[in-house]
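1. this is a predicted model, with the sequence first.
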Amino acid sequence: MTHAHILERLRSVGPTLAHRFQTAAPAPALTDWALAQRLAAGDCQALAALYARYATPAYSLALRLLGDQAAAEAVVVAAFCRLRQQPVPAGAPEGVATRLLHQIYTLALQEKRELSEKEVQHEQA
């Protein structure tokens, strides 16, 4: 997995997001909650900072669950996109890392289920 590859896929979400990733200055060391609040306000630099912070554990979990690099990368991209679309609200009982890794786990299991169903259908055909 290369961070550049996943960042490129995140950039493809939209031209505004891509531009902000390219021009983003390194974010100061903010807490997850502060980044979540900035993300909720539409700050894509906050997403880039969260990605830098959690990309490795997110990818590791996805790869461990799926055993496939491409599928793991797709799950990581989907989870970060969901985090962007539905940021963790301030005061939520779970933290940003917990929410993100839960999304990874859920999406990976969903992907695994779908692959299993496709294999069963292929064997029955």
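-> Here it is on my side, so go on. Numbering: from 1, shown residues only.
2. stretch 89-102: which residues count as buried?
-> Val96, Arg99, Leu100, Leu101 (16 or more other CB atoms under 10 Å). C-betas here are computed from N, CA, C, even on glycine.
3. and the average pLDDT for it is what?
-> Averaging pLDDT along stretch 89-102 yields 83.
4. then stretch 39-54?
-> Stretch 39-54 carries an average pLDDT of 88.
5. what's the longest helix in the protein?
-> The longest helix of the chain (DSSP state H) is helix 96-124.
6. show me what it is packed up against.
-> Packing partners of helix 96-124 (3 or more CB pairs under 8 Å, 6 or more residues apart in numbering; DSSP states H and E): helix 32-40, helix 44-66, helix 69-85.
7. output these as JSON lines; include the columns distance to Leu107 and mean neighbour count.
-> Below are the helices and strands packed on helix 96-124 laid out as JSON lines (distance: least, CB to CB, whole Å; neighbours: other CB atoms under 10 Å):
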{"stretch": "helix 32-40", "distance to Leu107": "19", "mean neighbour count": "18"}
{"stretch": "helix 44-66", "distance to Leu107": "8", "mean neighbour count": "20"}
{"stretch": "helix 69-85", "distance to Leu107": "5", "mean neighbour count": "19"}
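8. of those helices, which is nearest Ser116?
-> Closest to Ser116 of those is helix 44-66 (CB to CB; 11.7 Å).
9. I'd like to know which elements that closest one is packed against.
-> When contacts are defined as 3+ CB pairs under 8 Å, 6+ apart, helix 44-66 packs onto helix 3-11, helix 15-23, helix 32-40, helix 69-85, helix 96-124.
10. gap between the last one and the chain center?
-> The reference is to helix 96-124. 14 Å (CA atoms, centre = their mean, to the nearest Å).
11. quick check: buried residues in the longest helix of the chain?
-> Within helix 96-124, the residues scored as buried using 16+ other CB under 10 Å are Val96, Arg99, Leu100, Leu101, Gln103, Ile104, Leu107, Ala108, Glu111, Lys112.
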